[in-house]
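Engineer: sequence unknown, structure follows:
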């Protein structure tokens, strides 16, 4: 926050200024912010930061996630700005719903500047995340997250992307034949699957998240040998959450409410 000369007779409340400084740091972060990082970024002591954070959480201006702080429910009606805290809070809300309701770790990726980017992950206690040993920008062809986005692109955009990215074989199940991959992407089903193509032992399911200005993908990972899991029913529930997220993000863009 920039320092400004006080107007004559103006009284500024320092604690309010400090609290707003913390909210500002969280709002401009593309990832959850820990209290320690928040203290360092704001120049406040850790004790002061903790006290202010507790109040901001109680009043709904911040929310605590397992890996840090995000903007709270009071901000979810604001307009979404790319990579803003509001956008992350919206995404986190849906990923948490997936992880809690479906019992599977949830992932969100999106397409921007010609690349596929991982936005966020929320872990499910009963289903650990896939170890991301190869970045999504280099493995979109082998992941449900990436393939769902590639399936949404125009034919020209898809061919351009594949011309710039080698189809590395990450596992024996990875589709590395360009013609076969294109055939799969051009005729996607209601859900895109990655059957151990990225990591042995994991199957991933992905569905689209669409807004007027964003192409994204919502996915879950489950053990490949999991018993008693109805993948069709899981896909239906995942699509419902993805559709709600699409509506929320689209409404945020135009300053409306989709709750």
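Structural biologist: That came through fine. The structure displayed is predicted, hence computed values, not measured ones.
Engineer: mind naming the longest helix for the protein?
Structural biologist: Across the chain, the longest stretch assigned as helix under DSSP state H is helix 231-253.
Engineer: so for that one, what gets flagged as buried?
Structural biologist: Neighbour counts over helix 231-253 (16 or more other CB atoms under 10 Å) mark 234-235, 237-239, 241-242, 244-246, 248-253 as buried. For glycine as for every other residue, the C-beta is placed from the backbone atoms N, C-alpha and C.
Engineer: closest one of the residues you listed to residue 219?
Structural biologist: residue 238 (7.9 Å; CB to CB).
Engineer: pretty sure that closest one contacts residue 207?
Structural biologist: Yes. Here residue 238 reaches residue 207: they are 5.2 Å apart, a contact under CB atoms under 8 Å.
Engineer: for the longest helix of the chain, give the mean pLDDT please.
Structural biologist: In this model, helix 231-253 has a mean pLDDT of 83.
Engineer: for it, packing partners?
Structural biologist: Secondary-structure packing of helix 231-253 (3 or more CB pairs under 8 Å, 6 or more residues apart in numbering; DSSP states H and E): helix 85-102, strand 202-211, strand 214-223.
Engineer: could I get those as JSON lines with distance to residue 136 and mean neighbour count?
Structural biologist: Formatted as JSON lines, the helices and strands packed on helix 231-253 follow (distance: least, CB to CB, whole Å; neighbours: other CB atoms under 10 Å):
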{"stretch": "helix 85-102", "distance to residue 136": "15", "mean neighbour count": "21"}
{"stretch": "strand 202-211", "distance to residue 136": "12", "mean neighbour count": "24"}
{"stretch": "strand 214-223", "distance to residue 136": "10", "mean neighbour count": "24"}
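Engineer: mean pLDDT lowest where, among those?
Structural biologist: helix 85-102 (a mean of 83).
Engineer: what's the angle from that helix to strand 202-211?
Structural biologist: 140 degrees (axes from the mean of the first three to the mean of the last three CA atoms, to 10 degrees).
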